[in-house]
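> Please find the sequence and the predicted model below.
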Amino acid sequence: MLDVSDARARLLGSLTPAPIQSRTVALDNAAGAISAQDVLALVPSPPYRRAVMDGYACRAADLPGPLPVAFEVPAGSGVTQLPSGQCARIFTGAPVPEGADVVVPQENLRGLDGGAMLDPSDQAWIRPVGDDIAVGQTLVRAGQRLGPAELGVLASGGHAQVSIQVPLRVGLLTTGNEVQPPGAPLAPGQIHNSNAPSLMALLRGWGVQVTHQHVPDSLESTTDALRDAAVHHDLVLTVGGVSAGDYDWVRPAIESLGRIESYKVKMKPGKPFAFGTIDSTPVCCLPGNPASAFVTSLLFVRPVIRALTGQPTDAMTLPVTAKFETEPAQRRRFLRVRWDGDGVVAHPNQDSGSMTPLVWGTGLAEIPPDTAVSPGDTLVYWPFSELL
């Protein structure tokens, strides 16, 4: 069995990304998409010298006055020329008149009799042209996800549209004759398909286009489904059926169409995780237990999707203090934990088939093999806020 880091490195090293397809959309329709190219600023921001405070624009050499008020400059005005020896009433965001080199805040006004008497300020309160964005500056890079800040900076840099990647196509195949659609009546021995809605939501949150098919337990059905999925998708995920039981058909089906690159990882939950290829399409095989499928998706599928779309594959982890204890185990463990103000507590149920600890938790605590944990120990923490 491979350790987690070795399995991830081998998995990412086996990928051959397909050429990225792109399309141009309005910024309003680009939230969550991935930029297909580097985007440079067309205009500076701010595009003019901008008043930071309500007050009076003037020449520092003319202070403290009194200075006649020549005119007012509200936001949206054109650039004006300030006569020598005078000042202009100005408002936040308005263009500073030519000739003025300071804006004195209105709180520094001592009186208006015979002109404005202004106490000098300790700063100019003027933002220069291009203070935030210079023409030609790189605003976003190819492979960068377009969130609220990125879309705002693109608009500030003069763009109304952006070229985005066409979403990656992911085929999700769940297996198991005992698995029934959510809400369906259950006969003895049957369970609802919790993996499908959970993993589809996870994948869509990562910006991909996902289709789902539930496959009957037979070698022919599994082979046909995998063959079709590999043709029509950039990545195929299977759930369950990858072990060596009499009714586990995923491994032999993949081996008949392509190859399994690696099988089993020294981790808990998620030991049965495997990956391979069918022609040039990567296939990740997730365990059937819901917590195992969820955790291996976070640790393996997420970096695969990011690698295929040109994004950095590393995830942010944090050192945290354990507020629980546990005995050592042979495999690397990823416990469902919850931030508790000054450390993390572990859910008492760490079963690989249980989903409620994932709802309760705020992240995963990584525990190396053969390692006991005592309160006060420092652990590696994988926050869900970074992974989801």
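Structure's in. What do you need?
> Mind pulling up the pLDDT for residue 311?
Looking at residue 311, its pLDDT reads 91.
> How about it, nearest residue that isn't a chain neighbour?
residue 143 (4.8 Å; CB to CB, 6 or more residues apart in numbering). C-betas here are computed from N, CA, C, even on glycine.
> ok, now residue 128?
Nearest in space to residue 128, with sequence neighbours left out and distances taken as CB to CB, 6+ apart, is residue 49 at 6.0 Å.
> now the strands: where do they sit in the stretch 51-200 of the chain?
55-58, 69-73, 87-90, 102-105, 109-111, 117-118, 126-127, 138-140, 161-165, 169-175, 179-180, 191-192 (DSSP state E, counting those that start in this stretch).
> Now do the contacts for the residue located most distally from the centre of the chain.
In the chain, the greatest distance from the average C-alpha position (CA atoms, centre = their mean) is reached by residue 114, at 58.8 Å. Counting by CB atoms under 8 Å, 6 or more residues apart in numbering, residue 114 makes contact with residue 66.
> count of residues packed around the closest residue to residue 59 other than its chain neighbours?
Nearest residue to residue 59 in three dimensions, chain neighbours excluded: residue 101, at 5.8 Å (CB to CB, 6+ apart). Here the number of neighbours of residue 101 (other CB atoms under 10 Å) works out to 15.
> and what of the one 5 residues further on?
One way to gauge burial is a neighbour count; for residue 106, by other CB under 10 Å, it gives 15.
> residues near the residue lying closest to it once chain neighbours are set aside, how many?
In space, and not counting its chain neighbours, residue 106 is closest to residue 55: 4.6 Å by CB to CB, 6+ apart. Around residue 55 there are 25 other residues, counting by other CB under 10 Å.
> What's the local residue count around residue 191?
Using other CB under 10 Å, residue 191 has 12 neighbouring residues.
> Which positions within the longest helix along the chain qualify as buried?
Assignment by DSSP state H gives helix 219-232 as the longest helix of the chain. For helix 219-232, a neighbour-count test (16 or more other CB atoms under 10 Å) marks 222-223, 225-226, 229-230 as buried.
> quick one: contacts of that helix?
Contacting residues not belonging to helix 219-232 are listed as 169, 171, 173, 175, 213, 215, 236, 238, 241, 249-250, 252-254, 256-258, 278-279, 281, 283 [CB under 8 Å, 6+ apart].
> List the pairing partners of the lowest-mean-pLDDT helix or strand in the chain within its sheet, with orientation.
Lowest by mean pLDDT, DSSP states H and E among the helices and strands of the chain is strand 259-263, with a mean of 86. If you go by DSSP bridges, strand 259-263 pairs up with strand 274-278 (antiparallel).
> quick revisit: hmm, residue 124 and the residue nearest to residue 59 touching each other?
Yes. Assessed by CB atoms under 8 Å, residue 101 is found in contact with residue 124 at 6.7 Å.
> who touches both of these two?
Applying CB under 8 Å, 6+ apart, one finds that residue 101 and residue 124 are jointly contacted by residue 60.
> which residue packs closest to residue 25, ignoring adjacent ones?
Closest to residue 25 by CB to CB, 6+ apart is residue 164, at 5.8 Å.
> got a list of what the one you found touches?
Residues near residue 164 by CB under 8 Å, 6+ apart: 22-25, 30, 33-36, 146.
> Among these, which one lies nearest to residue 364?
Of all the contacts of residue 164, residue 364 sits closest to residue 34, with 25.1 Å by CB to CB.
> Tell me the pLDDT of the closest one.
Predicted confidence (pLDDT) for residue 34: 94.
> if I pick it, what's in contact with it?
Counting by CB under 8 Å, 6+ apart, residue 34 touches 143-146, 164-165, 207, 309-311.
> any chance of the residues you listed in TSV, plus distance to residue 60?
Converted to TSV, those look like this (distance: CB to CB, whole Å):
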residue	distance to residue 60
143	47
144	42
145	45
146	42
164	47
165	50
207	51
309	52
310	49
311	48
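> Tell me the one of those residues nearest residue 341?
Once CB to CB is applied, the member of those that ends up nearest residue 341 is residue 145, at 30.5 Å.
> Provide a list of residues in contact with that closest one.
The contact partners of residue 145, by CB under 8 Å, 6+ apart, come to 32-35, 207, 311.
> how about a cut-off of 7 Å?
If you count contacts by CB atoms under 7 Å, 6 or more residues apart in numbering, residue 145 has them with 32, 34, 207, 311.
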